[in-house]
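Engineer: please work out how this folds:
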Amino acid sequence: MAAVIETIVAEARTEFGKGFARRVRAAGRIPAVFYAAGGEATHISLPQHATTMSLRADKTKLEVEIDGTLKNFSVKEIQVDPIRRVIVHLDLVAA
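Structural biologist: All right, here's what the predicted structure looks like:
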């Protein structure tokens, strides 16, 4: 039985660094970077709960809406907090 993948709505990030990442996580979001063909990186933030549930259903694929366009991504790397066992950062590549 194929899992139904929910579309996740992402927000573009313009700020970077440890302090900003902590504020994003405190707001219930996950900082992420996706890499398109040609090496161009785009920084986004994803909702914590919806992203975690989608990754539990299918650990390799995500369907993300960025600025009104749907894109499919493969998960390149998941960074998890070793104590709290929550996702702290994602690296995605265009599928």
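
Engineer: for the closest residue to G28 other than its chain neighbours, grab the count of nearby residues.
Structural biologist: Counting by CB to CB, 6 or more residues apart in numbering, Q48 is the residue found nearest to G28 once chain neighbours are left out, at 4.8 Å. From N, CA and C alone the C-beta is placed, and that goes for glycine too. Q48: 17 surrounding residues under other CB atoms under 10 Å.

Engineer: quick check: which element contains V75?
Structural biologist: strand 69-80 (DSSP states H and E).

Engineer: gap between the two ends of stretch 23-34?
Structural biologist: 20 Å (CA to CA, to the nearest Å).

Engineer: swap that for stretch 27-42, please
Structural biologist: By CA to CA, one end of stretch 27-42 lies 20 Å from the other end.

Engineer: mean confidence score for the strand holding V75?
Structural biologist: What strand 69-80 shows for mean pLDDT is 89.

Engineer: that one pairs with which strands?
Structural biologist: Sheet pairing of strand 69-80 (DSSP bridges) gives strand 61-66 (antiparallel), strand 87-94 (antiparallel).

Engineer: any buried residues in the first one, and which?
Structural biologist: In terms of neighbour count (16 or more other CB atoms under 10 Å), strand 61-66 has its buried residues at K61, L62, V64, I66.

Engineer: nearest spatial neighbour of the second one, skipping sequence neighbours?
Structural biologist: The spatially closest residue to L62, leaving aside those adjacent along the chain, is F73, at 4.8 Å (CB to CB, 6+ apart).
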